[in-house]
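# what's the 3D shape of this:
(2 chains)
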Amino acid sequence: DSGVTQTPKHLITATGQRVTLRCSPRSGDLSVYWYQQSLDQGLQFLIQYYNGEERAKGNILERFSAQQFPDLHSELNLSSLELGDSALYFCASSPTSEGVYNEQFFGPGTRLTVL
Amino acid sequence: LAKTTQPISMDSYEGQEVNITCSHNNIATNDYITWYQQFPSQGPRFIIQGYKTKVTNEVASLFIPADRKSSTLSLPRVSLSDTAVYYCLVGERGGGADGLTFGKGTHLIIQP
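Predicted coordinates:
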């Protein structure tokens, strides 16, 4: 158990809908990272937040957005969903802003299925 | 961002030592080499990190030659539970995440 929690575990929805994925980082960690993992693309970095501020951006679509709240939990919002958005979404956390190429602690993931 | 190349898959047998090599020809001076392990339907788990020569922990060893253009993750005496995907990452620890991707990694299959 990494100490990072993600809800929900599974989510099934229809095309065109909007969903919110939630992540609670390890106690004391200030950075949260979001990743998308699909069979054909591998594990892709989406975005990083550090202490409430956006720190780095990866291959995140404009239909996706994220935020980190004062209590440090984070939410990833996915809108106008398409079939291709079906994937595992992971959240990770680290103590500092330097976790991208340092040790990150990953949550169990949310499996999103878009029908 | 240093591009990495690693084998798509490998297999071995229980009790053997397994070496997975990652090539990173354009590694920069401040870049570190980090390896993660991922089991099916779980998030990746940090295994080891190094800058040069050799690093060892309770799980694995990481060998980095002097030119740092490649690195080898060594798993001693593997068991069936070591079947997983292994990712090699290269980048500056305090650097940005532009272009960060774990890619598809190396799928290691351990047989009895």
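
# please name the bridge partners of the most centrally placed residue in chain A.
With distances taken as C-alpha atoms, centre = their mean, the residue of chain A nearest its centroid is A:W34 (3.0 Å). Note on A:W34: beta-bridge partners A:I47, A:C91, judged by DSSP bridges.

# that one contacts A:A87, correct?
No: contact criterion C-beta atoms under 8 Å: A:W34 and A:A87 do not qualify, at 11.5 Å. C-beta coordinates here come from the backbone N, C-alpha and C atoms, glycine included.

# go ahead and name everything in contact with the helix or strand hosting A:Q6.
If you go by DSSP states H and E, A:Q6 is part of strand A:5-7. With contacts defined as C-beta atoms under 8 Å, 6 or more residues apart in numbering or on different chains, strand A:5-7 is touched by A:L21, A:R22, A:C23, A:S24, A:Y89, A:F90, A:C91, A:G107, A:P108, A:G109, A:T110.

# ok, B:P7 to B:S23 distance?
Separation of B:P7 from B:S23 (C-beta to C-beta, to the nearest Å) stands at 10 Å.

# re the thing from before, next up, the contacts around the residue nearest to the centre of chain A.
A:C23, A:F45, A:L46, A:I47, A:Q48, A:I60, A:A66, A:S74, A:L76, A:Y89, A:F90, A:C91.

# show me where chain B has strands.
Assigned by DSSP state E, the strands in chain B fall at B:9-13, B:18-23, B:31-38, B:45-50, B:53-56, B:61-64, B:70-75, B:84-92, B:101-103, B:106-111.

# no, scratch that, I was asking about chain A
Under DSSP E, chain A gives strands at A:5-7, A:10-13, A:19-24, A:31-38, A:42-50, A:53-57, A:64-68, A:74-78, A:87-94, A:105-106, A:110-114.

# export these to CSV and tack on mean pLDDT?
Putting those into CSV (pLDDT from 0 to 100) gives the following:
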stretch, mean pLDDT
strand A:5-7, 97
strand A:10-13, 97
strand A:19-24, 98
strand A:31-38, 93
strand A:42-50, 89
strand A:53-57, 89
strand A:64-68, 97
strand A:74-78, 98
strand A:87-94, 95
strand A:105-106, 94
strand A:110-114, 97
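
# save the ones you listed as TSV, and put in distance to B:I27 too.
Output for the strands of chain A, formatted as TSV (distance: least, C-beta to C-beta, whole Å):
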stretch	distance to B:I27
strand A:5-7	33
strand A:10-13	39
strand A:19-24	31
strand A:31-38	22
strand A:42-50	19
strand A:53-57	20
strand A:64-68	30
strand A:74-78	31
strand A:87-94	22
strand A:105-106	24
strand A:110-114	34
